[in-house]
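# Here is a sequence with its predicted model. Questions after.
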Amino acid sequence: MRFLITGQTGQLGFELRRSLSVLGEVIALDRHAADLAKPDTLPAVIHQHAPDVIVNAAAYTAVDKAENDPGLARQINAMAPAILAEEAARLGAVMVHFSTDYVFDGRQPTPYAESDTTHPLSIYGQSKLEGEQAVRSATPRHLIFRTSWVYGAYGNNFLKTMLRLLQTRQSLSVVDDQHGAPTAASLIADTCAQILARLTASQTTQAEFPFGTYHLSAAGSVSWHGYAHHIATQASRLGYPLTLSPDNILAIPTSAYPLPAPRPANSLLDTSLLRTTFGLALPDWREGVEQTLALLKAGRAA
């Protein structure tokens, strides 16, 4: 199998290069080789490499900036995935696309299932929803994974920002009324690889393969404040030189930290469909956080 990955320099793209390499040839492209901000250039790129599977790990993720730049957000998150999926259909390839909990408004009291009504609150969320819809329309042979609160040892994310602030600040305030499940990019990549391995093994019966949309996130639930507190506690245990103790991280409401783009209060995703369909177990969010902190402490990531 030949896999083409967009967004190779992102935290998810980096992990996908590793996880998919055991399944076949991996062609990983950065924005210079596959620029999703220029969707019209993508067909030539796809046909140059003729992949069996297109894995779109690139996205416009600047949630607040998207409010003032909706055109670029839609080019990258909606128009480009549409073209990638259309090219996948022409080649007879499989399209893998990653979406987000931000397609929901977060007002539901329970975790969101794939069948729940979408209602994005932000331009970013709307652009990601449009990308999902475009992929579904272009090819039935797709896997769309909705993820949430993604972090990793590589790239920029909440965990690494908190770790830096814990070593430079004397006090810190973090929102405590938004809940989700921090999910490691490595977990997403490894789960994706396990599912694609089954697809590879069932080439003669792909018509029966359960393509579709799945929720993919770690187990458990925590607020951003609880997440930050756990990072601080584990970083202290690992011997990071902290200037801020976990007890000095203050809990505040969302109203005390206004941002241009509203966030869902409930970002929890019900992963039972993915787990039962593919027979997979998803670990508690704490496991990945602790592994990532240990990896960073060992100096094995950037």
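Sure, I can see it.
# Please make it C-alpha for all contacts and neighbour counts, starting now.
Noted.
# Show me where the stretch 201-302 of the chain has its helices.
224-237, 272-278, 285-297 (DSSP state H, counting those that start in this stretch).
# Nearest to L143, out of those?
In terms of CA to CA, the element of these nearest to L143 is helix 272-278, at 11.0 Å.
# Return the closest one as CSV; C-alpha atoms alone will do.
Below are the C-alpha coordinates for helix 272-278, written out as CSV (Å, rounded to 0.1, in the frame of the first residue of the first chain):
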residue,chain,number,x,y,z
SER,A,272,-18.2,3.4,21.5
LEU,A,273,-18.9,3.1,17.7
LEU,A,274,-15.1,3.0,16.9
ARG,A,275,-14.4,0.6,19.8
THR,A,276,-17.1,-1.9,19.0
THR,A,277,-16.7,-1.7,15.2
PHE,A,278,-12.9,-2.3,15.3
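# For the remainder of this discussion, apply numbering that starts at 275.
Okay, using 275 as the starting number, the last item reads as helix 546-552.
# Packing partners of it?
The helices and strands touching helix 546-552, judged by 3 or more CA pairs under 8 Å, 6 or more residues apart in numbering; DSSP states H and E, are strand 486-489.
# out of the helices of the stretch 475-576 of the chain, deepest packed?
Burial of the helices of the stretch 475-576 of the chain is given as mean neighbour count (mean count of other CA atoms under 10 Å); helix 498-511 ranks first at a mean of 20.
# From the chain's centroid, how far away is it?
21 Å (CA atoms, centre = their mean, to the nearest Å).
# before we move on, the earlier item: ok, which of the helices of the stretch 475-576 of the chain comes nearest A340?
Using CA to CA, the helices of the stretch 475-576 of the chain put helix 498-511 closest to A340, at 21.7 Å.
# In the stretch 275-424 of the chain, mark out all the strands, start to finish.
276-280, 299-303, 327-330, 368-374, 416-421, 424-425 (DSSP state E, counting those that start in this stretch).
# Identify the residues contacting L543.
D375, P385, Y386, A387, T421, S422, G454, H489, L490, S491 (CA atoms under 8 Å, 6 or more residues apart in numbering).
# ah, wrong one, I meant L297
By CA under 8 Å, 6+ apart, the neighbours of L297 are M275, A467, A471.
# Nearest to S529 among the contacts of L543?
Looking across the contacts of L543 and measuring by CA to CA, the closest to S529 is G454, at 17.9 Å.
# you'd agree that closest one is up against A492?
No - with contact defined as CA atoms under 8 Å, G454 does not reach A492; the gap is 9.3 Å.
# what about the strands in the stretch 425-574 of the chain?
Going by DSSP E, counting those that start in this stretch, the stretch 425-574 of the chain shows strands at 446-449, 453-454, 457-458, 486-489, 496-497, 523-526.
# helices or strands up against the second one?
Translated: strand 453-454. Using 3+ CA pairs under 8 Å, 6+ apart, strand 453-454 sits against strand 496-497.
# any idea of the mean pLDDT for the strand it packs on?
The predicted model gives strand 496-497 an average pLDDT of 98.
# same check, this time on stretch 308-319
95.
# circling back: weed out the non-buried ones from the contacts of L543.
Among the contacts of L543, the ones that count as buried by 16 or more other CA atoms under 10 Å are D375, P385, Y386, T421, S422, G454, H489, L490, S491.
# Tell me the confidence at the residue nearest to H503 when sequence neighbours are not counted?
Nearest-residue entry for H503: P520, 5.3 Å, with adjacent residues in sequence omitted and distances by CA to CA, 6 or more residues apart in numbering. P520 carries a pLDDT value of 93.
# Between the contacts of L543, which sits nearest S396?
D375 (11.6 Å).
# residues near Y531, how many?
10 (other CA atoms under 10 Å).
# how close does it get to N431?
According to CA to CA, to the nearest Å, Y531 stands 18 Å off from N431.
# hmm, back to that, could the contacts of L543 go into CSV alongside distance to L524 and pLDDT?
Output for the contacts of L543, formatted as CSV (distance: CA to CA, whole Å; pLDDT from 0 to 100):
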residue, distance to L524, pLDDT
D375, 26, 98
P385, 26, 98
Y386, 28, 98
A387, 32, 98
T421, 27, 98
S422, 23, 96
G454, 18, 98
H489, 31, 98
L490, 30, 98
S491, 26, 98
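# Among those residues, which one sits closest to A347?
D375 (16.5 Å).
# ok, that closest one touching T421?
Yes - contact criterion CA under 8 Å: D375 and T421 qualify, at 6.2 Å.
# Have a look at this structure and report the helix or strand with the lowest mean pLDDT.
Lowest by mean pLDDT, DSSP states H and E among the helices and strands of the chain is helix 459-475, with a mean of 94.
# Which residue lies closest in space to N431, excluding its sequence neighbours?
Using CA to CA, 6+ apart, the nearest residue to N431 is Y425, at 5.3 Å.
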